[in-house]
Structures are given as structure tokens and as C-alpha cells.
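> predicted structure and sequence below. I'll ask about it afterward.
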Amino acid sequence: MTDKYDFSKPYDMPDARGHFGPYGGVYVAETLMLPIRELNAAYQRYLQDDEFLDELDADLQHYVGRPSPLYHAQRWSRELGGAQIWLKREDLNHTGAHKINNTIGQALLAKRMGKTRIIAETGAGQHGVATATVAARLGLECVVYMGAVDVERQALNVYRMRLLGAEVVAVESGSKTLKDALNEALRDWVTNVDDTFYIIGTVAGPHPYPAMVRDFQSIIGRETKQQLQDRRGCLPDALVACVGGGSNAIGLFYPFIDDEGVTMYGVEAAGDGLQTGRHSAPLCAGRPGVLHGNRTYLMEDDDGEIIETHSISAGLDYPGVGPEHAWLKDIGRVDYVSITDDQALQGFHALTRMEGIIPALESSHALAYTMQLAPTMDKDQILVVNLSGRGDKDMHTIAQREGLKF
Amino acid sequence: MSRLAEKFAELSKTGRKALIPFISAGDPNPDFTVSMLHAMVRAGADIIELGVPFSDPMADGPVIQRASERALDQHMSLRKVLQLVIRFRTQDQDTPIVLMGYLNPIEAMGYEAFANAAQRAEVDGVLTVDMPPEEAAEYVALLKARSIDPIFLLAPNSEEQRIEHVNTVASGYLYYVSIKGVTGAGHLDTSNVESKLQQIRSHTGLPLAVGFGVKDAETAKAISQIGDGVVVGSALIDRIEANLDDLDRAKNEIVAMLQDMRSAIDN
């Protein structure tokens, strides 16, 4: 699809008001307009501020453990018989996923803005844990909203957040999952705007969140570019990442958008299969609408009501997607594909057995697509997969799926 | 002149303030909504805000969230809300109806198709909570071309420049959200509201309706002394929720509450 994308102009998105073409923007109630404007001003200021950037870099290095390795999965590459597969090891970050790249950045911003209270939404609990972690470190009060259904199925992460000192609020409204947690966090924010900073975990929400979270996550792509340059002296041929809200994917893709030889694949969760309607793939099977402060592709019915999503991976179980992905789809720069629950499990087992790395179910979607893509490529080509998180949190889900009980 | 402008002009002539009840369309069923609309007019409502249920009502507190869920359980939708307004209009040509809801159902229908359908149903105003003026150029133009007033919100933290901007796009009235929070929450501080309304009035000639936190005749009266209209929603819907097994009783309690508010405001 990249053949229709025009590489002659450098990519420069969003515009000043947070639009990616028709997507993005600021669609929130009046009371949030001022805090969003203040946040945007702080974000614009500190992203140019050397002292802020130095502190962020130091934290990413010494607290998160960056740079994360870029690992050549030679055995798996041989087995698949095509492209050389390299894994960007975000699973080795502190707290076990890419989420902390963003929470560190936003928490430092919150501190600069004089906010004393942090709120967050979480689905699988990875973003909640990453937020509770940085809040503990900075001594900030922390409240995490989590759908009651997710509280039930991710009990371990709930306990981790509570150990870290966060209050975890089970959200009982709507479908009691991630989207409802986001609604409730927005309600908290509107009520406590003066002292509260809302750390959104993905590249969604009103501007500046999609751009800001992307900027904090694009350390993933910048490192990948440098690491591959150092070790192979070239650019990758293909990038693959899973897309729920899309923060790990945009983090990997963004530094490569202007590089014409790099093909990119965003992998959505097809759940039980796109044809069943039980999936979480708005880019592949949804349509544009407005939710949670931005215009993007959504899973909705004919009346514009948001419908329930399904994925084996709680982190991909969201009816929307970051507005920049909507734009990258429309302009043909990124191919968006989908992988079912069953295929994701195959990817999970393949990496575990071939390389001794147990991946998160979210990342397993990207791995499963890699199993389809790599064999179609030449042996001297390079495919980089974002291994966005580790699989410890998913042991229970996978065991249950295979009929085991601990 | 729009029905809303006429209503405020008429009220202003007699020195009265607008009583503006809000209920969610289809809660707990469509027939109840139509009969409730007429009953509210008889109880003294000047304008009615009719909630369009949405799956993700981000600005609403638990009472209106549950009302939305009950309505969606009855398969209520924006299209069906417009049909309810048409039914209401067969017996009431005078009372202005303002649709209040979220943007996505309008996006799904298409702005122009929605504006046409709202005009056919004789809707008088549309308040879309998550549609700020910055994004609203096309939406406002389509509504105004059909003499439908786009109503916008102002909040305690709306700054001067913003009030001026909102005033340039809004018509009908401005809805002042009296507290930082969601619908039905918190305690309203009348003196804070009063000073903010004074600031807003220095930038606009539009009538100012005040909502969020009006719970009883006492708060309604206090607000009516400083604003041009009093919006009450969660307190009414609370009566529906408390009487789901006896909707006649729900209706009677809402009527009694509005009558109390009416007489407190007028006297």
C-alpha cells in the first residue's frame, strides 16, 4: 500500500489544533478545555527544555533500563525461512512493557505543572501498574480506574497497583471494561481539574495526548533505527507492531515514516474473527466517529452507539484507536491487518518455544502476523517486531484457555 | 425569531425566569417520555432539554448514566428520539425542545442529515456536550441555516477570551455549568455562580441558563435570582429510578417537584 504514499514531503502531523487530517482534535466538554490548553502549553514548552529532557533521559536509562535490546531471533528466522526477524525488547523494561516510557514522561510533566494527584485508566493493568510505579517514585497520589470486568480478570495487576500505593477503582458502568474506565477517569478529571493530572496510556484522547504519548513512545523507533544502523548499517525492510490504542506501534513507526524503503504493519485484534463481529479491529472493520475526545475509527452500531469489543488480550480490547493510525491508514503509509485469538496464541507459543521468550498476548498478535509475513520476504531482508510486553501477566488466561487450573 | 428566542423574550417581558427540566429520552420507555414531556409542560416547564442516550456519557454522573443505559436497553437511538419529538409536537407547538447529548450519534447520522431531521421534527436547539466551538463550524452553520439554535456550555474555568468566542457561535441561550464536575454532583455555591454570571454577561446578550447541581425548589429559586433559566435533570431522573415499578407515581413526583420549583421561582 505504501506505493500510493507520497514521500516527497516530510511527514508533519498533527496540525496546531491536533488534527491528523479529519482525525484527532479536541472533542471534550467545556470544563476540560482550560486544563487541556494548560497541558498543551506545558507539553510544548518542556519538549524543548533541556533540563526536562535530560531528566527524562536519565530516568529512561537508569530507572526503566533503556536502551532496550534489539535482539536477532536467528533460530525463529531460520525456522520461518524468510526475513531476518529482530525483536525490539520492550518486554525488558521496568514493569515489563513499553507503557512506562510514557508514564515517566507524563509524570515528570505533572510534577513541573505542580499537580499533586495522578489519575489513569487501565485495561489489562499494564498502564495502571506503570502509572502507579512512577507515582510511587515521585510521591504523588494515584487513582487508577479499571473496568469491574478487568479488575476480576487481572487480579494480579490490581494487587501490584495496590502494593504500589495506588487506589484502584472498579468501574461498574457500561460494559465495565477499558472504555468505561476512560469515561470514569474523564469524570474524575472534570471534577478535580485544579490539582489532578490525567495520564492517558495510549495515543488516544483529546489533543495533545495523541501527539504527546507518541513523542514519549518514539524512543522505541529512534533506538531501533540507531541499533540496526550500528549492527547492520541499514534500515529495516518491515516493521510489525500490535495496535489496540496504538502507542507501541506509533512509538516504533514514527521515526521511520519518511523512510521510503520501510513497510509498516499495524496488527489489530480480530478476536473470534472479523466476520463474527466479536473483535477489536476498528481500523480493519470499523468506521470514523468521535469518542474520548478525538475523531478516529470506532467500533459502533448504525446509531453511533459504541459496541462491545472482544479480544483474548485485554490490552487490545478497546473500541477506538489513536487518530494518527486512522490518518496513516487513510494515506496508505501503514498497512493495518488483523490476527485472531487463535492465531495470536500460535504466535505466543512459537516465540516461547523457539527463542525462550514468553511474550504478552498483545505482542503475540504482532508475532503471529510475523509468522505470515516473514516467509514471503527474502532471507537478507530485515523485519523488526515490537515485543511490547512480557507474558507473565497472561499465564492465567493462557492456562485457562488450555483447560488448566493452577 | 426562533422558538427559544421568543420564549426568552416573552419571559423577560413578564419578568419571569425559565424552568428547564431535563429527562433522558426513552427512560424507561418511549411512551413514558412523551407523556412526561406533556406533564412537565403542564407543571410549569418553559423549555425542555431532552437527553439523547449515548453508550459513553462522559460528562454525566451516575444518575443520568443509568438513565442512558435504561433507554439504550429499550433500543433508543437518535432517530427514535426525533420520532418522540414529532409525537410530542402533534399536541404541543409552543414548548421549545432542546436535544442534549454527545457527538457520535450525530456523526453516525451525518451532520446534514441530522440537521434536516431535527428541522422536520421541529427541534429548537441542540446542545452537544463534547462539541466545543473550535470544532463546530460546519455543525453550527447547518443548524443555524435551519433556524435551530446551537447551544454551548460555559464553565467556572472558562476564561474571558473563551466566553467571547463561545458567544460568537452560540445562539438561543448559553448553558452555564455551575460546578466543576459531572451532572448531578456536588454542592452549588450561589455566590460563585453569581460573580461568574456577571463576568459572562459583560460579553454576551444571550440568556444564561444554569445547570448541574440544582436539586430542589430552594436551589432553583436561588439560581433563578441570578440566571435567566434553571436546568434541573438528575433530581427528576432520580424519581424515575426510584419508581421504576410504578411509573405513574414517578410522573406524579416529578410533576410535584417541578410545581414546587415553579412557585419558588415565581414568588
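That came through, no problem.
> got the residues of the stretch 151-300 of chain A near chain B?
A:173-174, A:179-180, A:183, A:186-187, A:190-194, A:288-293, A:295, A:298, A:300 (CB under 8 Å from any CB of the partner chain). Every residue, glycine included, has its C-beta placed from N, CA and C.
> any of those buried? List them.
Among these, those classed as buried by 16 or more other CB atoms under 10 Å in any protein chain shown are A:173-174, A:179-180, A:183, A:186-187, A:190-193, A:288-293, A:295, A:298, A:300.
> circling back to that earlier point, among the residues of the stretch 151-300 of chain A next to chain B, which are in strands?
Among those, DSSP state E puts A:288, A:289, A:290, A:291, A:293, A:295, A:298 in strands.
> which residues sit in contact with the third one?
Residues touching residue A:290, when contacts are defined by CB atoms under 8 Å, 6 or more residues apart in numbering or on different chains, comprise A:27, B:102, B:103, B:104, B:107, B:130.
> spatially nearest residue to it (excluding sequence neighbours)?
Excluding its sequence neighbours, the residue lying closest to residue A:290 (CB to CB, 6 or more residues apart in numbering or on different chains) is residue B:103, at 4.6 Å.
> ok and the residue in the stretch 1-150 of chain B nearest chain A?
In the stretch 1-150 of chain B, the residue that lies nearest chain A is residue B:108 (2.9 Å; CB to the nearest CB).
> pLDDT score for that residue?
On pLDDT, residue B:108 comes in at 98.
> before we move on, back to that, out of the ones in strands among the residues of the stretch 151-300 of chain A next to chain B, what pair is the most spread apart?
Within those, A:288 and A:293 form the most distant pair, 14.5 Å apart (CB to CB).
> ok, so of the contacts of residue A:290, who is nearest residue B:148?
Closest to residue B:148 out of those is residue B:103 (15.6 Å), distances taken as CB to CB.
> and that closest one, how far from residue A:163?
To residue A:163, residue B:103 is 40 Å away according to CB to CB, to the nearest Å.
> okay, the two: which has more neighbours?
Per other CB atoms under 10 Å in any protein chain shown, whichever of residue B:103 and residue A:163 has more neighbours is residue B:103, with 22 against 11.
> and the pLDDT at that one?
So, for residue B:103, pLDDT stands at 98.
> from memory it sits against residue B:128, does it?
Yes. Here residue B:103 reaches residue B:128: they are 5.2 Å apart, a contact under CB atoms under 8 Å.
> let's see the pLDDT reported for residue A:2.
pLDDT for residue A:2: 47.
> how about the one 5 residues further on?
According to the prediction, residue A:7 has pLDDT 94.
> near chain A, which residues of the stretch 101-250 of chain B are found?
When proximity is defined by CB under 8 Å from any CB, the stretch 101-250 of chain B lies next to chain A at B:102-109, B:129-132, B:134-135, B:152-159, B:162, B:177, B:180-182, B:185-186.
> again, only this time at 6 Å
Proximity of the stretch 101-250 of chain B to chain A (CB under 6 Å from any CB of the partner chain) is limited to residues B:103-105, B:107-108, B:129-130, B:135, B:153, B:155, B:157, B:180-182.
> any chance of the residues you listed in JSON lines, plus secondary structure?
Converted to JSON lines, these look like this (DSSP: H, G, I helix; E, B strand; the rest coil):
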{"residue": "B:103", "secondary structure": "helix"}
{"residue": "B:104", "secondary structure": "helix"}
{"residue": "B:105", "secondary structure": "helix"}
{"residue": "B:107", "secondary structure": "helix"}
{"residue": "B:108", "secondary structure": "helix"}
{"residue": "B:129", "secondary structure": "coil"}
{"residue": "B:130", "secondary structure": "coil"}
{"residue": "B:135", "secondary structure": "helix"}
{"residue": "B:153", "secondary structure": "strand"}
{"residue": "B:155", "secondary structure": "coil"}
{"residue": "B:157", "secondary structure": "coil"}
{"residue": "B:180", "secondary structure": "coil"}
{"residue": "B:181", "secondary structure": "coil"}
{"residue": "B:182", "secondary structure": "coil"}
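> switch those residues over to JSON lines; also include distance to residue B:80.
Formatted as JSON lines, those follow (distance: CB to CB, whole Å):
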{"residue": "B:103", "distance to residue B:80": "18"}
{"residue": "B:104", "distance to residue B:80": "16"}
{"residue": "B:105", "distance to residue B:80": "11"}
{"residue": "B:107", "distance to residue B:80": "17"}
{"residue": "B:108", "distance to residue B:80": "13"}
{"residue": "B:129", "distance to residue B:80": "20"}
{"residue": "B:130", "distance to residue B:80": "21"}
{"residue": "B:135", "distance to residue B:80": "26"}
{"residue": "B:153", "distance to residue B:80": "25"}
{"residue": "B:155", "distance to residue B:80": "30"}
{"residue": "B:157", "distance to residue B:80": "35"}
{"residue": "B:180", "distance to residue B:80": "33"}
{"residue": "B:181", "distance to residue B:80": "30"}
{"residue": "B:182", "distance to residue B:80": "25"}
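> can you show me the helices along chain B?
Assigned by DSSP state H, chain B shows helices spanning B:3-14, B:30-42, B:62-73, B:78-89, B:103-109, B:111-120, B:137-144, B:160-169, B:190-201, B:217-224, B:234-242, B:247-266.
> okay if I get those helices as CSV plus distance to residue A:319?
Formatted as CSV, these follow (distance: least, CB to CB, whole Å):
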stretch, distance to residue A:319
helix B:3-14, 35
helix B:30-42, 26
helix B:62-73, 15
helix B:78-89, 18
helix B:103-109, 11
helix B:111-120, 22
helix B:137-144, 23
helix B:160-169, 30
helix B:190-201, 36
helix B:217-224, 37
helix B:234-242, 26
helix B:247-266, 33
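> which of those helices sits most buried?
Among the helices of chain B, helix B:103-109 has the highest mean neighbour count (mean count of other CB atoms under 10 Å in any protein chain shown), at a mean of 23.
> strands of the stretch 201-350 of chain A, start to end?
Along the stretch 201-350 of chain A, the segments classed as strands by DSSP state E, counting those that start in this stretch run A:238-242, A:263-271, A:287-291, A:293-298, A:334-340.
> okay, the third one in PDB with CA atoms only?
Extracted in PDB, the C-alpha atoms of strand A:287-291 (Å, rounded to 0.1, in the frame of the first residue of the first chain):
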ATOM      1  CA  ARG A 287     -15.800   3.500  10.700                       C
ATOM      2  CA  PRO A 288     -14.900   7.000  11.700                       C
ATOM      3  CA  GLY A 289     -16.700   8.700  14.700                       C
ATOM      4  CA  VAL A 290     -15.900  10.700  17.800                       C
ATOM      5  CA  LEU A 291     -15.100   9.100  21.200                       C
END
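> could you give the angle of it to strand A:293-298?
Relative orientation of strand A:287-291 and strand A:293-298, computed by axes from the mean of the first three to the mean of the last three CA atoms, to 10 degrees: 150 degrees.
> please tell me how far strand A:287-291 is from the chain's geometric centre.
19 Å (CA atoms, centre = their mean, to the nearest Å).
> kind regards, and thank you for your time.
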